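Asker: Quick one, structure for this:
(one chain, ligands or ions: 1)
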Amino acid sequence: MTSKAIRDDAKVLVTGGCGFIGSNFVRFALENRPGWSIINLDCLSYSGNLENLTDIEDDPRYEFVKGDIRNMEDVEPLVKRCDAVIHFAAESHVDRSILDAGPFITSNVQGTQVMLDAVRRVKSDGGKAPVFFFVGTDEVYGSLPLDQPELMFTEETPIQPRGVYSASKAGADLLVQAYHETFGLDTRTTRCSNNFGPYQFPEKVIPLFVTNLIEGQQVPLYGDGLNVRDWLHVDDHCEAIIAVLEKGAAGSIYNVGGNNERTNLELTHLIIELMGKGKDMIRHVEDRLGHDRRYAIDPTRLKGEIGWQPTRSAWPEALEETVKWYVDHPDWWKRVKSGAYREYYEKQYAGR
Ligand code: TYD
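Answerer: The predicted structure is shown next:
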């Protein structure tokens, strides 16, 4: 039997647990690891939504703490209490990073540094430091050309980000590797491809396009629509994170993909078809600045060493299920699009 890096009754600190991937992870982990308890540290910025977790908020194994990863006073007491930190919290929307780089540097780079320093303090104080798990992105590898489909990102591909978002995640990722090498922290890093699934903030392409179509609006497709992304279902991603946490070595790095490469045009046509709309709903708009052409994941290491591969990401079924979730949950995304979801914290937590 392999010895697990994490106990069956582990206390796990999740940062950014009110965001899209974080909230799906909290739900997935509570369901699939009955011995775990989870602390969710989230600052409830524009994309952090407590309504993503209303179904589990009363679970005795779950605790929400409003706080900021950039603030050591918020972070340190929680890090001291846990066996593992899973660091999701990040600014993640490329278009926002083009408009304003500031929050990407403070949240993604400085926030990760504070989290790492908190773990380092526990270690240097002689305590048992938690495992530090960094949820990274394949965007750190830069962009692949369209005319060489055989090229893929491996974990050995040089880090070559081309945009503000990816540069900020690369900064954080490299800090994680530096803290492992320099201070001996037990770190794990995953670099995932584009996620899809329920509770994704409707600024990202899939929920944006689906909710626009429900509202009778066109969908804005950037440039020639030939950019390629590898779509990974968020539950596959959550499962991969737990697998790497339990079976990965200290300092290890794994790419996580969905084996599901699609052009944006293909994605758009499929969404339109699933929703019974016509191609006249596509509005071709000016391209994104510095738009990365193609991301593609070579899954060999994860499959070979950890024995994990995606089972929930294949299209059209997985996309159809996700489209249906947005069709079936208009209250959720209408409150997000209108900004009304932000009142929930006041109502739910005022005076607590
Ligand atoms: P996005 O969901 O923003 O993720 P990322 O930039 O991290 O890949 O975008 C996915 C793809 O969809 C990307 O190639 C840009 C494209 N896109 C559009 O064509 N129109 C849009 O309105 C958005 C938000 C994205």
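Asker: Poorly predicted segments of the protein, please.
Answerer: 1-4, 345, 348-352 (pLDDT under 70).
Asker: Next one: Phe20 from the ligand, what distance?
Answerer: 11 Å (CB to the nearest ligand atom, to the nearest Å). The way it works is simple: take the backbone N, C-alpha and C, and place the C-beta from them, glycine included.
Asker: can you check Gln218 too?
Answerer: 11 Å.
Asker: The chain should start at 773 in everything you say after this.
Answerer: With the count now opening at 773, the last piece we talked about shows up as Gln990.
Asker: And what about Leu993, helix, strand or coil?
Answerer: Under DSSP: H, G, I helix; E, B strand; the rest coil, Leu993 falls in the strand class.
Asker: Quick one: residues contacting it.
Answerer: Under the criterion of CB atoms under 8 Å, 6 or more residues apart in numbering, the contact list for Leu993 reads 1036-1037, 1040, 1054-1057.
Asker: now swap in Asp872 and tell me
Answerer: Contacts of Asp872 (CB under 8 Å, 6+ apart): none.
Asker: now it: how far from the ligand?
Answerer: 16 Å.
Asker: what does Arg1107 give?
Answerer: Arg1107 is 20 Å from the ligand, by CB to the nearest ligand atom.
Asker: go on, Ala861?
Answerer: In terms of CB to the nearest ligand atom, Ala861 sits 17 Å off from the ligand.
Asker: Please put the alpha-carbon coordinates of the helix or strand containing Thr884 into CSV.
Answerer: Thr884 belongs to helix 883-896 when assigned by DSSP states H and E. Provided in CSV are the C-alpha atoms of helix 883-896 (Å, rounded to 0.1, in the frame of the first residue of the first chain):
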residue,chain,number,x,y,z
GLY,A,883,-0.9,36.6,-2.5
THR,A,884,1.0,33.4,-3.4
GLN,A,885,4.1,34.7,-1.7
VAL,A,886,2.2,35.4,1.5
MET,A,887,0.6,31.9,1.5
LEU,A,888,4.0,30.3,1.0
ASP,A,889,5.6,32.4,3.7
ALA,A,890,2.8,31.4,6.1
VAL,A,891,3.6,27.7,5.4
ARG,A,892,7.3,28.5,5.8
ARG,A,893,6.7,30.1,9.2
VAL,A,894,5.0,26.9,10.5
LYS,A,895,8.0,24.9,9.3
SER,A,896,10.6,27.2,10.8
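Asker: gap between that helix and the chain center?
Answerer: Between the centre of helix 883-896 and the centre of its chain there are 21 Å (CA atoms, centre = their mean, to the nearest Å).
Asker: Show me which residues of the stretch 923-1072 of the chain sit near the ligand.
Answerer: Residues of the stretch 923-1072 of the chain that fall close to the ligand, judged by CB under 6 Å from any ligand atom: 966, 976-977, 980, 992-994, 999, 1001, 1036, 1060.
Asker: Let me know the closest of the contacts of Leu993 to the ligand.
Answerer: Asn1036 (4.8 Å; CB to the nearest ligand atom).
Asker: Spatially nearest residue to that closest one, not counting backbone neighbours?
Answerer: Spatial nearest neighbour of Asn1036, excluding adjacent residues (CB to CB, 6 or more residues apart in numbering): Gly997 at 4.7 Å.
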